Structures are given as structure tokens and as C-alpha cells.
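1. Structure of the sequence below:
(one chain, ligands or ions: 1)
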Amino acid sequence: MPQQVRIGTRASALALTQTGHVADALADLADLAVETVRVRTQGDRVRASLASLGGTGVFVTALRDALLDGRCDVAVHSLKDLPTGPADGLVVAAVPPRADARDALCARDGLTLATLPAGARIGTGSPRRAAQLRALRPDVDVVDIRGNVGTRLGRVRGLDATTVATGSQVGPDAPHPGVATDAPRGDLDAVVLAAAGLGRLGRLDAVTEWFAPDVLAPAPGQGALAVEVRTADAAADTPLAHALRALDDPPTRRAVVAERAVLARLEAGCAAPVGAWGRVDDATGALALDAVVAAVDGSRVLRLAARGAADDDAAADALGRQLAEDLLAAGADRLAPLGPTR
Ligand SMILES: NCc1[nH]cc(CCC(=O)O)c1CC(=O)O
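-> Numbers count the residues shown, from 1 in each chain. Modelled structure (predicted):
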């Protein structure tokens, strides 16, 4: 008899694909019968700008509640949407191998950040992306936008003929009711999105430029997933627990632990103009970490790097915290709105 496992997911096209990948991977690793359960989160219901929602956890809380009250056994999150604090009774049991951590520009007419005209309108809901875009091109107009990936692509002039192939953007599963039909279309010259999300949705065709992480620092955890379960279930001697241990990728986990430690020490959430990029060197096992704090108006960008042995998660965490200390010593908190309430 296979072990029955219910895997909870948001209903957005992106969440459904991510969850589907994890469900397939788990089922390949052990004798599991995996069933998907859809959960609606505050981030899906509320249309206000993400920055104004006050950030941490809007996409996550409802999934965690579903885990805790037993409506599902496994939850899949985008790691960058996961608050840095621990959740009582729950544990991230697996961080699968990371996809592309980079941000990508999706512009009309094949344009890049360098070739977009002065005054070009670039959409993003992320203060981190806005700040770094303004620093790179002070003459562009960064526009605050929301909505799922298909909606955002639809706002780029010339990119609006196609929609995300793998998920419905309207109807009962629409994560942002009304947004798909109400949002203006073709009113922007470009948007910036995570390459990982575009890749998972089969929309890399829309990318006109990939930003190297040392040009535009990605969000801590970008491109990585977190597979969360009840603490007792992670430690159990069950097919699910074995599959989770096999799915976990220690180099990815160490990199994102370090990135998220920067965010935690800065007491910053996903709405802060903070970027971090960690990676473990295959040959030496060393962990390299870059971190950026930017003034939202783009007038200053503070960028520091660190490197360490990071043999385990605790060492990765310490490396990230130390880099955050160095950023604070260099004036990060005078540059950007940090702190838990922002
Ligand atoms: N906050 C929304 C969100 N959360 C995760 C991703 C993309 C996938 C990832 O970063 O792993 C996105 C969309 C985007 O930033 O373009």
C-alpha cells in the first residue's frame, strides 16, 4: 500500500506547476500516492500592492494553517515568499535543487535595459527590483504592478497576444479575481520577473535579457522551493520522510540559508530593497555570498561579498548574518527602509 500524501498548493498557475514538480519528484522517490489540495491565501485574495500588504507571509499563512489543521501533509512554497522566522510545529524538510536565481527583463520589441528609450515604463511590484533598475537606468519610469505572471506579461506592449500556457488566468481558479480582465494591457514597455517562474510556466520566450546576479541582485531564495511538513512527519520512518530527505539538495539549502540570514539580520522582509545571492562551489564546497541594499530611489547601492567554508546550515547562517552586520556597519539602515514593520 502506498502512503497517502496530500500536497497543498495555491491555485495560481505558477504554484500549481511548482507543486506538480514536487509531487512528481516525491512520487519517484518513494511509494507514495500524492493528491493535490488547493488552498486560497491572502496574497491571492487582496489586490493591494504587495509592499502595502506589509509583506511577510501573505502567500504562506493559509498553506501553513492547512498543514497544521491536517487538511494537507505537505506544502510547497516559493522560498523567497517564505518569512525568515520559524513556524511552530512545521519544518522545511526539503529544499530541492535550485532553478535559475536570476531576474529577467521581458521587454517589447526585443529591447534590453540598455536599449529601452529614456522614459520607458518598466513594471515591477518589488522595491528591490525598482531600486536596482533605477540605479542602472535613472531615466526610466518604474511602475508598481501586481498580478500573476500571465497578467504582468500581458501589460507589455506586443507581448499581450499570448497567455501563460499551463494555467487558467480567469474562472474559479483565478488567483486574482478580476485582475486578468481589469488590468490594463500593453501599457508598459517591459516588466521584470523571476526567470525561474517564467521557466516553470514555459514563458522564457518572453525574456529579452537575463540580469547577471552581480548586476541586479536576486531576492533571497529566488528560484528555490521550500517543501514544508509537520515537524513530526519529517522525523518519521515513513516513505514520505525518506523521499523528503532524498529530495533535499544541501548546496541549495546552504545557499538559501545564507541569503535568508542576511534578510533576517537586517530584519527585512520581501518588501525591502535587499538582494542576496549565494552559491556553493562544487569543487571546494566553499560558500560565496553577495548581498545588496539599495536606496529605493536608486541613488545608492551598497554591495558586499563574503566567502566561507560553510560546512553546514549553521555556518551558512553565520556567514549571512556577518555579511548583514557588515552592511549595517556600512550604513545599510540609513539607505533603505529596513525593520520588521516595513
Ligand atoms: N512573489 C511572487 C513570486 N514568488 C516566486 C516567484 C517566481 C519563482 C521563484 O522566484 O522561485 C514569483 C514571481 C516573480 O517574482 O516573478
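2. Next, the closest residue to residue 274 other than its chain neighbours: secondary structure please.
-> Nearest residue to residue 274 in three dimensions, chain neighbours excluded: residue 268, at 4.8 Å (CB to CB, 6 or more residues apart in numbering). To be clear about C-beta, it is placed using only N, CA and C from the backbone, and glycine gets the same treatment. Here residue 268 is recorded as coil under DSSP: H, G, I helix; E, B strand; the rest coil.
3. same thing with residue 147?
-> coil.
4. mind checking how far the most centrally placed residue in the chain is from the ligand?
-> With the centre of the chain defined as its mean C-alpha position, the nearest residue by CA atoms, centre = their mean is residue 80, 3.3 Å away. Applying CB to the nearest ligand atom, to the nearest Å, the value for residue 80 to the ligand is 5 Å.
5. show me what contacts that residue?
-> Residue 80 makes contact with 194, 219, 220, 221, 222, 224, 270 under the criterion CB atoms under 8 Å, 6 or more residues apart in numbering.
6. quick one: pLDDT of it?
-> We have a pLDDT of 93 for residue 80.
7. which one is it nearest to, not counting chain neighbours?
-> Using CB to CB, 6+ apart, the nearest residue to residue 80 is residue 221, at 3.9 Å.
8. Quickly list the domain ranges of this structure.
-> What automatic domain parsing lists as the domains of the chain is 3-96+224-248, 103-210, 257-331.
9. can you put those domains in JSON lines and add distance to residue 339?
-> Output for the domains of the chain, formatted as JSON lines (distance: least, CB to CB, whole Å):
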{"stretch": "domain 3-96+224-248", "distance to residue 339": "11"}
{"stretch": "domain 103-210", "distance to residue 339": "14"}
{"stretch": "domain 257-331", "distance to residue 339": "5"}
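10. weakest of the ones you listed in terms of mean pLDDT?
-> domain 103-210 (a mean of 85).
11. Which positions in stretch 197-212 come out as buried?
-> Residues of stretch 197-212 classed as buried: 197, 198, 199, 200, 201, 203, 206, 207, 208, 209, 211 (neighbour count, 16 or more other CB atoms under 10 Å).
12. One more: stretch 58-73?
-> 58, 59, 60, 62, 63, 64, 66, 67, 72, 73.
13. which element is the second one on?
-> Meaning residue 59. Residue 59 is part of no helix or strand when elements are defined by DSSP states H and E.
14. How many residues are close by the residue nearest to residue 274?
-> 27 (other CB atoms under 10 Å).
15. My understanding was that it contacts residue 333; is that so?
-> No - counting by CB atoms under 8 Å, residue 268 does not reach residue 333; the two are 9.7 Å apart.
16. Nearest to the ligand within the stretch 201-342 of the chain, name that residue for me.
-> residue 222 (4.1 Å; CB to the nearest ligand atom).
17. Give the intersection of the neighbour lists for residue 268 and residue 333.
-> residue 339.
18. what about the helices in the stretch 101-250 of the chain?
-> 127-136, 149-154, 179-182, 195-200, 231-235, 239-247, 250-265 (DSSP state H, counting those that start in this stretch).
19. where does the stretch 51-200 of the chain come near the ligand, residue by residue?
-> Neighbours of the ligand within the stretch 51-200 of the chain, by CB under 6 Å from any ligand atom: 78, 80, 81, 193, 194, 196, 197.
20. Good, we can wrap up now.
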